[in-house]
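Need coordinates for the following:
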Amino acid sequence: MTEGTQKRLHAMVEGTVQGVGFRMFVARLAADYHLTGWVRNTWDGKVEVLAEGEEGKLHQLLNDLKVGPRAAHVTNVRFEWLPANGEFRDFRIRSTV
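A predicted model of the protein is given here:
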């Protein structure tokens, strides 16, 4: 892992992750880690995260996703690493899809 390398993380968080403040939890972390992208609920009960930024901060976010906020119970996080493309200006909470 190279310090300062920009990457993209796409993650699907499974478990008790809706109705527990998970999206706000992710948005706060993204702000703390200076990440851009978005988080949203999915129709099947998961939370989807697409974040770009410094690779080390994305690894921290991924570790946090595996735990979640206090009321959540994360059972699995499926994720993939992609090249960053700089399309986002900030980090947003998006509508459910």
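
From here on, just use CA atoms for contacts and neighbour counts.
Fine.

All the helices of this protein, residue numbers only.
Assigned by DSSP state H, the helices in the chain fall at 22-33, 55-65.

could those helices go into a markdown table alongside mean neighbour count, mean pLDDT and distance to residue 83?
Listed next are these as a markdown table, based on neighbours: other CA atoms under 10 Å; pLDDT from 0 to 100; distance: least, CA to CA, whole Å:
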| stretch | mean neighbour count | mean pLDDT | distance to residue 83 |
| --- | --- | --- | --- |
| helix 22-33 | 18 | 98 | 18 |
| helix 55-65 | 18 | 98 | 10 |
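
Throw those helices into CSV and include distance to residue 47, thanks.
Listed next are the helices of the chain as CSV, based on distance: least, CA to CA, whole Å:
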stretch, distance to residue 47
helix 22-33, 8
helix 55-65, 10
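
Spatially central residue for this protein, please.
residue 49 (3.8 Å; CA atoms, centre = their mean).

can you pull the contacts of that one?
Shown in contact with residue 49 (CA atoms under 8 Å, 6 or more residues apart in numbering): 9-12, 37-40.
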